[in-house]
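1. Here you go, sequence then predicted model.
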Amino acid sequence: DGGITQSPKYLFRKEGQNVTLSCEQNLNHDAMYWYRQDPGQGLRLIYYSQIVNDFQKGDIAEGYSVSREKKESFPLTVTSAQKNPTAFYLCASTWGADTEAFFGQGTRLTVV
Amino acid sequence: GESVGLHLPTLSVQEGDNSIINCAYSNSASDYFIWYKQESGKGPQFIIDIRSNMDKRQGQRVTVLLNKTVKHLSLQIAATQPGDSAVYFCVLGRRALTFGSGTRLQVQP
């Protein structure tokens, strides 16, 4: 079955450590996105990529980094520069600019 | 800048009633709109979409209405069921999907 997979579902890290969240899709979608969601809040865009080897900052990119070396993969690194990294992270992909997005099931990151 | 807002953060309805969730947007150039449903602890799921050349689109138990004059979008859910309880987002489908804060729909038995 085609879909988008995020791993792990839960992640715990110590403060000051970098951590990388995985996002893989087998939908042959060109565009991929990373969002952050805090409790009771909406989704805020961190980074997005329209094509391999290219990506753009979203609204809250500070303290995060991404890469897009392969079409099917868009990993997100939460760096030690991110002041409040504890959140629910969602990855999505779309066929084009104006098509429905498919979301992964999210990674809940807790930094202690 | 771009913005998408929801009129009400929480909407409570009785099971079997119809629900109407409203959404306002600011960018008059927007030409594609999507409604998503997010259940607790899960990623959003696509419900229905509409393009700016339409003012109404119907799905199974759901209808989306688009009023470009006042930049307003609504999602109507017929015969609301407990399984409809979730947060609903209206999204402008552009190069970077723009989400609002969502409306939490609570279905009372």
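-> Alright, I've got the coordinates. Numbers count the residues shown, from 1 in each chain, chains lettered A, B, ... in the order given.

2. Count the neighbours of whichever residue of chain B sits closest to chain A for me.
-> Nearest to chain A, among the residues of chain B, is residue B:43, at 3.3 Å (CB to the nearest CB). For the C-beta atoms, the positions are set from N, CA and C on the backbone; glycine is no exception. Neighbourhood size, residue B:43 [other CB atoms under 10 Å in any protein chain shown]: 22.

3. what's the closest non-adjacent residue to it?
-> Closest residue in space to residue B:43, ignoring its immediate chain neighbours: residue A:103 at 3.3 Å, by CB to CB, 6 or more residues apart in numbering or on different chains.

4. Also residue B:35?
-> residue B:47 (4.4 Å).

5. now residue B:10
-> Using CB to CB, 6+ apart, the closest residue to residue B:10 is residue B:104 (4.7 Å).

6. Show me what the host helix or strand of that neighbour is in contact with.
-> Secondary structure assignment for residue B:104, by DSSP states H and E: strand B:103-108. Strand B:103-108 is contacted by residues B:6-15, B:19, B:21-22, B:77, B:80-82, B:84-88 when judged by CB atoms under 8 Å, 6 or more residues apart in numbering or on different chains.

7. in chain B, what spans have low per-residue confidence?
-> B:1-8, B:94-96 (pLDDT under 70).

8. Show me which residues of it are close to chain A?
-> Contact residues (CB under 8 Å from any CB of the partner chain) of chain B with chain A: B:31-32, B:34, B:36, B:41-46, B:49, B:51, B:89, B:91, B:93-102.

9. can you pull up the bridge partners for the residue lying closest to residue A:13 once chain neighbours are set aside?
-> Among residues not flanking residue A:13 along the chain, residue A:19 sits closest, at 4.7 Å (CB to CB, 6+ apart). Assessed by DSSP bridges, residue A:19 has beta-bridge partners residue A:78.

10. what's the burial count for residue A:19?
-> Using other CB under 10 Å: residue A:19 sits among 18 other residues.

11. wait, what's in contact with residue B:75?
-> By CB under 8 Å, 6+ apart, the neighbours of residue B:75 are B:19-21, B:23, B:35, B:47-48, B:62-64, B:88, B:90.

12. I meant to write residue A:82 there.
-> A:62-64.

13. try 10 Å this time
-> Counting by CB atoms under 10 Å, 6 or more residues apart in numbering or on different chains, residue A:82 makes contact with A:18-19, A:36, A:46, A:60, A:62-65, A:109, A:111.

14. List only those of these flagged as buried.
-> In terms of neighbour count (16 or more other CB atoms under 10 Å in any protein chain shown), the buried residues within the contacts of residue A:82 are A:19, A:36, A:46, A:64-65, A:109, A:111.

15. Okay, now the unreliable bits of chain A?
-> A:1.

16. Pick out the residue in it sitting closest to chain B.
-> For chain A, CB to the nearest CB, closest residue to chain B: residue A:103, 3.3 Å.

17. Give me the number of neighbouring residues for that residue.
-> When neighbours are counted by other CB under 10 Å, residue A:103 comes out with 22.
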